[in-house]
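A.B. asks: give me a 3D structure for the following:
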Amino acid sequence: MALQTIPARRGAATIVRAGHKIKIINTHGNQVVDTWAFSLPSTSNIVASSFIEAPLYPNATPTSITQFSPASNIAAAIPEYMSMSHTRASKHKITPEVGDVLLSQKRAPMVKLVEDTSPGVHDTLISACDRWRYSELGVQGYHESCTDNCWDALLALSESVDAEVADALGGLQAKLGGRVPDPLNLFMNVPIYEGEGARRGLSFEAPVSKAGDYVVLEVMRDVVVVMSACPSDILNTNGHNPVDAHFQIVT
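C.D. replies: Next up, the predicted model:
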């Protein structure tokens, strides 16, 4: 695939098939790219990598299946998405490194970080910015956000694919209860520092990556990858200057 743009302050989404790779490029060096991966459901036109999908009843015994409540089964059946909190718990680390597999909320493989030309400073702690965050920071009126960019990018993608895939994408927001998962914040620099006693703090600093730095994610199953060129211009997250970034699918 040719080089594609993640417009400044906006988002982009693309389908990536199992075994393929996506290269996400910090074109200007100062831009954070919030990144999500959502599993594509199995349909007659989509060959999903079902062998790595998380089972609804893991390590089931003859009696354990009946012990789950209907309410918990409904929650357990929602589509899988790349989850930072579940990855942190399984990997015992805050920042992923080359060779690490990032997991879904059901602890199944989603993507593998296979290349990183940046200094490796990325964030898995901070939620996607949203309209309430900008209000908290003193913004009056409208401001773009990574949360809105995620849903807008998924909608735009659904309008450019076949009807069956579009239906699957169209129902994703409802199935997730309108919740945007915490993203993998590529190139985001959030140092953690020790305070008094048990207190730990964090700060929002400019990325330490340089122009042209990139990461490559190998996809472990059929997914939709969504990326947002973070529009934050209040804190130093993007060096106070949100700009575009780029991506490319690599077979």
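A.B. asks: got the buried residues for stretch 67-81?
C.D. replies: Residues of stretch 67-81 classed as buried by neighbour count (16 or more other CB atoms under 10 Å): 79-81. Where C-beta positions appear, they are placed from N, C-alpha and C, glycine not excepted.
A.B. asks: before we move on, what about stretch 139-159?
C.D. replies: The neighbour-count check on stretch 139-159 (16+ other CB under 10 Å) flags 143-154, 157-158 as buried.
A.B. asks: got it, and stretch 53-66?
C.D. replies: By neighbour count on 16+ other CB under 10 Å, the buried set for stretch 53-66 is residue 53.
A.B. asks: okay, it in PDB with CA atoms only?
C.D. replies: Presented in PDB, the C-alpha positions along stretch 53-66 are these (Å, rounded to 0.1, in the frame of the first residue of the first chain):
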ATOM      1  CA  GLU A  53      -9.400 -15.500  19.400                       C
ATOM      2  CA  ALA A  54     -10.000 -15.800  23.100                       C
ATOM      3  CA  PRO A  55     -12.500 -18.500  24.000                       C
ATOM      4  CA  LEU A  56     -15.700 -17.500  25.800                       C
ATOM      5  CA  TYR A  57     -15.000 -20.200  28.400                       C
ATOM      6  CA  PRO A  58     -11.200 -20.500  28.900                       C
ATOM      7  CA  ASN A  59      -9.900 -23.700  30.500                       C
ATOM      8  CA  ALA A  60     -13.500 -24.900  30.900                       C
ATOM      9  CA  THR A  61     -14.300 -27.900  33.100                       C
ATOM     10  CA  PRO A  62     -17.500 -30.000  32.800                       C
ATOM     11  CA  THR A  63     -19.100 -27.800  35.500                       C
ATOM     12  CA  SER A  64     -17.500 -24.400  35.100                       C
ATOM     13  CA  ILE A  65     -19.600 -23.200  32.100                       C
ATOM     14  CA  THR A  66     -22.800 -23.300  34.100                       C
END
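A.B. asks: what lies in contact with that stretch?
C.D. replies: Stretch 53-66 has contacts (CB atoms under 8 Å, 6 or more residues apart in numbering) with 39, 68, 73, 76-77, 80, 104, 106-108, 221.
A.B. asks: in TSV, list the buried residues of stretch 67-81 along with pLDDT.
C.D. replies: Compiled in TSV, the buried residues of stretch 67-81 are given as follows (pLDDT from 0 to 100):
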residue	pLDDT
79	91
80	94
81	96
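A.B. asks: picking that back up, of the buried residues of stretch 139-159, which belong to helices?
C.D. replies: Members of the buried residues of stretch 139-159 lying in helices (criterion: DSSP state H): 146-154, 157-158.
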